[in-house]
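Visitor: I'd like to go over a predicted model; first the sequence, then the structure.
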Amino acid sequence: MIVVLVEVSPAGEAVETSREAITFARDLAAAGGGIPIDVVVVGEPDDALVKVLASYGVRRIHALTGPAFEAFSGAAWATGVEHVRASAGAVVVMASGTPRGNEVLAHLGARAGVPMAANVVSFGGLSPFTVTRQVVGGSALEEMQLSQRPALFTVAGHAVEARPADVSGTGELVVEMPDVPAADLVARVVSTEEPEPDLSGTLKSAKVVVGAGRGAGSAGGFDDLLELVDLLDASLGVSRVVTSLGWRPHHEQVGQTGSRISPDLYIPCGISGAIQHWAGCSTAKAILAINTDPDAPMVTKATHAVIGDLHEVVPAINAEIRRRRG
Amino acid sequence: MTVNPLVCVKRVVDSSSEVVLTEDGQGVDGRFAGFTTSAHEECAVELAVRVAADQGGGATVVTLGDADAVEQLRSALAVGCTAATHVLADAQSFGPADVARELAAVVRDHEAAGTPHELVLLGNDAADSGDHQVGIRLAHELGWPVVNGVSTVSVSGGEVTASGAGPDGHETYRVPLPAVVTILEGGVEPRYPTVPGRMKAKKAPIEERRPAADPVGPSRVRLVLPPPSPSSVEVLGEGAAAAPAVVDLFERLGVLAR
Ligand SMILES: Cc1cc2nc3c(=O)[nH]c(=O)nc-3n(C[C@H](O)[C@H](O)[C@H](O)COP(=O)(O)OP(=O)(O)OC[C@H]3O[C@@H](n4cnc5c(N)ncnc54)[C@H](O)[C@@H]3O)c2cc1C
């Protein structure tokens, strides 16, 4: 049996990366001759969530409840997942490659003294059980053997597309209240501040997105890019370097840990095209890369490219648009 | 109470350059790449130095790696760490459980020698292996609580307060010492070394030690490179001269707002 840890949004929905992980689990289950898939959620799911999980082919939904699960603690979640795994006799435990998923499975790996593979993108074979995962920021892949039981791994974001199963599972709800030792609750969240309002809506739905990366140079280096955004009635999307440096707010970030965009045209300027960024923009219909480096992954993967300094190219494009408009 | 944090760093290939694998597929061939400290760990070093300054202690930096990894230790010494420990080993043959065990041995030995580390800071995940588990495995080895993936850390009254972005908002943890905390970049700006800092770091003594146990190794079969995507990019030109061709493209795609 396979157990998948499913993360639930504050609105009560299974997050996309968790649905991707169940989809991945289904492929694995099929390769193993139709092994059942159970999921673990923290808190009691509503009917709508139970229905969605059943539509993903899930046999049983184990809901972890009780005071130990009211605030997040990686160790407590691991105890809950292990409780489900042990009682169901599961040989594989999976989660999505999110901070929570990696943290909880790392606790399981440490406790059981078995390896844990983070950010898996595919499985190679069942005997021996081999997975392939992203390393070096996705620039290389590692084939890893998970021959000890339980086999623990997390699925990289967007490694598969989340899709419901052809045949629904029974989706039986089982409410669990496992014993959680006090030591698990020493490191737990004591307060959560409201996230900033979701301002990424326009970015996700924009027809044209102008992207900016480290090549912008500084927080003051966005004027020409913002003018191009204006001229094209576009949205600005940035790389993680730009948000980590505090040049632009996080809601503008595109990628694995930012927004996923599918515009008609994406214009990444001064963005190298690291796999985590690519994960968020690969479904753009056309990509025009502007980069000084003709070998940057973003350039080689783009449909169109201009080789050059964005601080020269972008103002020239703006001027050309203004000129044609007269 | 003084606090003497231990901060763990790893020498990694600079992944912004092209990655070349060794012939046996067991590692990244570093001969053509630059090396650096994982970004998360540069922030961990900064936080360790701040906590030490705040609490009247000293920050010790540790790495497990080959002789060249001394560069990463000296970089940390140059920005304020006051002691360094080098576990001389071929990092590639050490899996996450091996590294955690070696770090735990350092913590225990330092405590026995009179320098307890009440707080251990690590990167949430290394830029090369991306294992996401050394900190947690270390905490299990030591029997300490662990907070994972935070970007700010402060210590007061025998407690560490740590916070960072969570899926539902900005999360705060408060944990009694001793504790392990793993750091994600973004909460602090690592400082640049000063010239005197660099000079001092060059001459600073470094504790060298051998691994306490033989490694079990990573569960690696081999590394492979992802298949190159077939490139069909149309280069519209170079520099500002490409602007007319770009605007032609905009017109063709119908994205030019009127
Ligand atoms: C777990 C994890 C999650 C991540 N999630 C994300 C994510 O969601 N989104 C994301 O973007 N990244 C993410 N990253 C980071 C990612 O790996 C890269 O570090 C990041 O995308 C690089 O940003 P960049 O392309 O702006 O910078 P760099 O990689 O430094 O590239 C800068 C590019 O700009 C070019 N350039 C420089 N100057 C100029 C100029 N004047 N004109 C034109 N071109 C110029 C250079 O040739 C280079 O190609 C994640 C990383 C990890 C480990």
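Guide: Here it is on my side, so go on.
Visitor: any idea which residue is closest to the centre of the chain?
Guide: Using chain A here. In chain A, the residue lying closest to the centroid (Cα atoms, centre = their mean) is A:Gly157, at 3.3 Å.
Visitor: my bad, the chain I had in mind was chain B
Guide: Note: chain B centre (Cα atoms, centre = their mean) maps to B:Glu41, 3.0 Å.
Visitor: now do that residue against the ligand, distance only.
Guide: Per Cβ to the nearest ligand atom, to the nearest Å, B:Glu41 is found 12 Å from the ligand. Using the backbone N, CA and C atoms, a C-beta is placed for each residue, glycine as well.
Visitor: relative to A:Ile287, how far out is that residue?
Guide: Here B:Glu41 is placed at a distance of 33 Å from A:Ile287 (Cβ to Cβ, to the nearest Å).
Visitor: okay but A:Gly308 is in contact with A:Asp293, surely?
Guide: No: A:Gly308 lies out of contact with A:Asp293 (Cβ atoms under 8 Å); the separation is 10.3 Å.
Visitor: higher neighbour count, those two?
Guide: Shown here are A:Gly308 and A:Asp293; by other Cβ atoms under 10 Å in any protein chain shown, A:Gly308 has more neighbours (20 against 15).
Visitor: neighbours around the residue lying closest to that one once chain neighbours are set aside, how many?
Guide: Among residues not flanking A:Gly308 along the chain, B:Gly239 sits closest, at 3.9 Å (Cβ to Cβ, 6 or more residues apart in numbering or on different chains). By other Cβ under 10 Å, 14 other residues sit near B:Gly239.
Visitor: ok, B:Phe94 - contacts?
Guide: For B:Phe94, the contact set (Cβ atoms under 8 Å, 6 or more residues apart in numbering or on different chains) comprises B:64, B:102, B:211, B:215, B:217-218.
Visitor: show me what the helix or strand the residue nearest to the centre of chain B falls within is packed up against.
Guide: Per DSSP states H and E, B:Glu41 falls inside helix B:39-55. Applying 3 or more Cβ pairs under 8 Å, 6 or more residues apart in numbering or on different chains; DSSP states H and E, we find helix B:39-55 packed against strand B:6-9, strand B:119-123, strand B:152-156, strand B:179-183.
Visitor: got JSON lines for the ones you listed, with distance to chain A too?
Guide: Below are the helices and strands packed on helix B:39-55 laid out as JSON lines (distance: least, Cβ to the nearest Cβ, whole Å):
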{"stretch": "strand B:6-9", "distance to chain A": "15"}
{"stretch": "strand B:119-123", "distance to chain A": "12"}
{"stretch": "strand B:152-156", "distance to chain A": "13"}
{"stretch": "strand B:179-183", "distance to chain A": "7"}
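Visitor: and the helices in the stretch 151-258 of chain B?
Guide: B:195-203, B:243-253 (DSSP state H, counting those that start in this stretch).
Visitor: which intervals of the chain have sub-threshold pLDDT?
Guide: You didn't say which chain, so I picked chain A. A:195-200 (pLDDT under 70).
Visitor: not quite, I wanted chain B
Guide: Answering for chain B: the residues below the bar, that is pLDDT under 70, span B:15-17, B:229-230, B:257-258.
Visitor: can you pull out the strands in it?
Guide: For chain B, applying DSSP state E gives strands covering B:6-9, B:11-13, B:35-37, B:60-65, B:83-88, B:119-123, B:146-150, B:152-156, B:159-166, B:169-176, B:179-183, B:207-209, B:220-224, B:234-238.
Visitor: the first one: which residues count as buried?
Guide: The reference is to strand B:6-9. If you call a residue buried by 16 or more other Cβ atoms under 10 Å in any protein chain shown, then strand B:6-9 has these buried ones: B:6-9.
Visitor: who does the lengthiest strand in chain A pair up with?
Guide: Longest strand in chain A, counting residues (DSSP E): strand A:116-126. In the sheet, strand A:116-126 lines up against strand A:129-135 (antiparallel), strand A:151-155 (parallel) (DSSP bridges).
Visitor: what residues of that strand count as buried?
Guide: By 16+ other Cβ under 10 Å, the buried positions in strand A:116-126 come out as A:116-123.
Visitor: so which of the residues you listed comes closest to the ligand?
Guide: In terms of Cβ to the nearest ligand atom, no member of the buried residues of strand A:116-126 lies closer to the ligand than A:Asn119, at 7.9 Å.
Visitor: and the nearest residue to that closest one once chain neighbours are set aside, how many residues sit next to it?
Guide: Distances taken as Cβ to Cβ, 6+ apart place A:Ala156 nearest to A:Asn119, at 4.0 Å, with adjacent residues excluded. A:Ala156 has 27 neighbouring residues, counting by other Cβ under 10 Å.
Visitor: for stretch B:24-41, measure first residue to last.
Guide: 29 Å (Cα to Cα, to the nearest Å).
Visitor: how far off centre is that stretch?
Guide: Averaging C-alpha positions (Cα atoms, centre = their mean, to the nearest Å) puts stretch B:24-41 12 Å from its chain's average.
Visitor: same question for stretch A:89-109.
Guide: Centre-to-centre, stretch A:89-109 and its host chain are 15 Å apart (Cα atoms, centre = their mean).
Visitor: so which bits of that stretch are buried?
Guide: Neighbour-count burial for stretch A:89-109 [16+ other Cβ under 10 Å]: A:90, A:92-109.
Visitor: and what of stretch A:45-52?
Guide: Here stretch A:45-52 shows A:45, A:49-50, A:52 as buried, counting by 16+ other Cβ under 10 Å.
Visitor: alpha carbons of that stretch, in CSV - could you do that?
Guide: What follows is stretch A:45-52 as a C-alpha-only set of coordinates in CSV (Å, rounded to 0.1, in the frame of the first residue of the first chain):
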residue,chain,number,x,y,z
PRO,A,45,-11.9,17.3,5.5
ASP,A,46,-15.3,18.5,4.3
ASP,A,47,-17.5,16.5,1.9
ALA,A,48,-16.1,18.4,-1.1
LEU,A,49,-12.5,17.5,-0.3
VAL,A,50,-13.5,13.9,0.3
LYS,A,51,-15.1,13.8,-3.1
VAL,A,52,-12.1,15.3,-4.8
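Visitor: quick one: that stretch near chain B?
Guide: No: figure legend: stretch A:45-52 not in contact with chain B (Cβ under 8 Å from any Cβ of the partner chain); closest approach 15.9 Å.
Visitor: what about the closest residue to A:His304 other than its chain neighbours, distance to A:Gln256?
Guide: In this structure, A:His304 finds its nearest non-sequential neighbour in A:Leu288, 4.4 Å apart by Cβ to Cβ, 6+ apart. From A:Leu288 across to A:Gln256, the span is 22 Å (Cβ to Cβ).
Visitor: I am finished for the moment; much appreciated.
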